[in-house]
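Student: Turn this into a model:
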Amino acid sequence: MTDAPKKMIIGSMAASGLVAVLALVDMIIGMPFRGSTVMDIMFLISAGLVLFLCWDAWKDLR
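Tutor: Sure, this is the predicted structure:
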C-alpha cells in the first residue's frame, strides 16, 4: 500500500503539468480555450503551486 501516495503525487504532477502546458498554448496561439489572459496566468500560478506541493510531498516520502 505504500505505492498509493507515490502514484497520487505523480498523477497530480501530470495533471498540473497538462494544465500549465494548455494555459501556455492558449496564451501563445489562442487555442484551445480562447479565454482571457488573466485566467491563463491564474492557471499557470495554480499549476506551479501544485507542482511545488507535489515536489515537497515527494521529498517527504523519501
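
Student: Hmm, A23 is touching S46, no?
Tutor: No - when contacts are counted by CB atoms under 8 Å, A23 is not listed as touching S46 (9.3 Å). For glycine as for every other residue, the C-beta is placed from the backbone atoms N, C-alpha and C.

Student: Looking at the two, which one has more neighbours?
Tutor: A23 (22 against 14; other CB atoms under 10 Å).

Student: does the more buried one belong to a helix or a strand, and which?
Tutor: helix 3-29 (DSSP states H and E).

Student: So which elements touch the helix or strand following that helix?
Tutor: Following helix 3-29 in sequence order, the next helix or strand is helix 37-61 (DSSP H and E). The helices and strands touching helix 37-61, judged by 3 or more CB pairs under 8 Å, 6 or more residues apart in numbering; DSSP states H and E, are helix 3-29.

Student: Run the chain-centre distance for the helix it packs on.
Tutor: 4 Å (CA atoms, centre = their mean, to the nearest Å).

Student: Flag every buried residue along it.
Tutor: I9, M13, S16, V19, A20, L22, A23, D26, M27 (16 or more other CB atoms under 10 Å).

Student: quick check: angle from that helix to helix 37-61?
Tutor: 160 degrees (axes from the mean of the first three to the mean of the last three CA atoms, to 10 degrees).
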